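Trainee: sharing a model that was predicted from the sequence below.
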Amino acid sequence: QVQLVESGGGLVQPGGSLRLSCAASGSNFRINVMGWYRQTPGKQRGLVARITSGGQTNYADSVKGRFTISRDNAKNTVYLQMNSLKPEDTAVYYCNAPITVVTGTGEHEYDYWGQGTQVTVSS
């Protein structure tokens, strides 16, 4: 069974930095795109950044120049380095990946989400 497990959230002052990690565990799977989304109460979950297995990235306009997404394909892990954090970055951050699982009946793609990690930017 495949899981996405996140770590690295917390409380930070404005202007500070945090690094989020998300590791995929399990067996017989492959991942192309991995991404980070965030959600605040009463709002829809929105894309923060995503990265392909080849290293192509895209970012939400609100985080460009401040956040950097990266990944270690050998470890099936994606990272989000967040710098110059602002109070409006406060949200629950979720890792996401469409994952192809190989079973005896063939290959099946499922959309996986991590459990979410709280990031709070406040003085």
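Mentor: Nice, I can see it. Residues are numbered from 1 along each chain as shown.
Trainee: can you pull out the strands in the chain?
Mentor: Along the chain, counting by DSSP state E, strands occupy 3-7, 10-12, 18-25, 29-31, 34-39, 46-51, 57-59, 67-72, 77-82, 91-103, 106-113, 117-121.
Trainee: note down every partner strand of the fourth one and its orientation.
Mentor: Strand 29-31 has these partner strands in its sheet, going by DSSP bridges: strand 91-103 (antiparallel).
Trainee: pLDDT of the strand it pairs with, averaged?
Mentor: Taken as a whole, strand 91-103 has a mean pLDDT of 95.
Trainee: how far is that strand from where the chain is centred?
Mentor: In terms of Cα atoms, centre = their mean, to the nearest Å, the centre of strand 91-103 is found 9 Å from the chain centre.
Trainee: cool, stretch 11-29 as well?
Mentor: 7 Å.
Trainee: how long is that stretch end to end?
Mentor: With Cα to Cα, to the nearest Å applied, stretch 11-29 spans 34 Å between its terminal residues.
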